[in-house]
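Undergrad: Got a sequence here, can you build the structure:
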Amino acid sequence: MEDTVIVIMLKDKETGFLEKELGSYTLSEELGMVYNIYAEEVEDGKEVVLRLTCNKVIEDWEYDAIFDYYDTEPLAEVVDSVQEEDGHYNPVWVVRFPYSGVYDEMENKFADIIEIHKKELLSVYDAIADKKDDYFEE
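TA: The predicted structure is shown next:
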């Protein structure tokens, strides 16, 4: 798989416009799990807002099942917050953590977050494989 570069832009909280590039980072796998990313000014610096999603198209019944079985605790150990976000085609989790201007630190942080998320999703996919009847609505 080829490496992909993501760019973190600073987002103005008032206008919602992306104003300034803060950095670009290489992800070597699972870019499909990143829904979007940006940074915001906060009281003590900058905070990265990373939305994670599923790496495949899911069936309708899987949406709630994935949220039900996804354990946010492993992610919560490496980020400041993890929240589920409804209203998207696939499940989305919003993670927030401080922005660092140190390239290797940020690249390693992204790799850790995506690896934890990938591992949890694979576990969830296995756990819900036989749950269709529990979630399917006709």
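
Undergrad: Please settle this for me: is Gly87 part of a helix?
TA: No - assessed with DSSP: H, G, I helix; E, B strand; the rest coil, Gly87 is coil; it does not lie in a helix.

Undergrad: quick one: buried residues of whichever helix in the chain runs longest?
TA: Scanning the chain for the longest helix, with DSSP state H as the assignment, gives helix 103-128. By 16 or more other C-beta atoms under 10 Å, the buried positions in helix 103-128 come out as 106-107, 109-111, 113-114, 116-117, 120-121, 124-125, 128. Yep, even glycine has a C-beta here, placed from its N, CA and C like the rest.

Undergrad: sec struct for the spatially most central residue of the chain, please.
TA: For the chain, Leu52 is the residue whose C-alpha lies nearest the centre (C-alpha atoms, centre = their mean; 2.0 Å). The local conformation at Leu52, judged by three-state DSSP, is strand.
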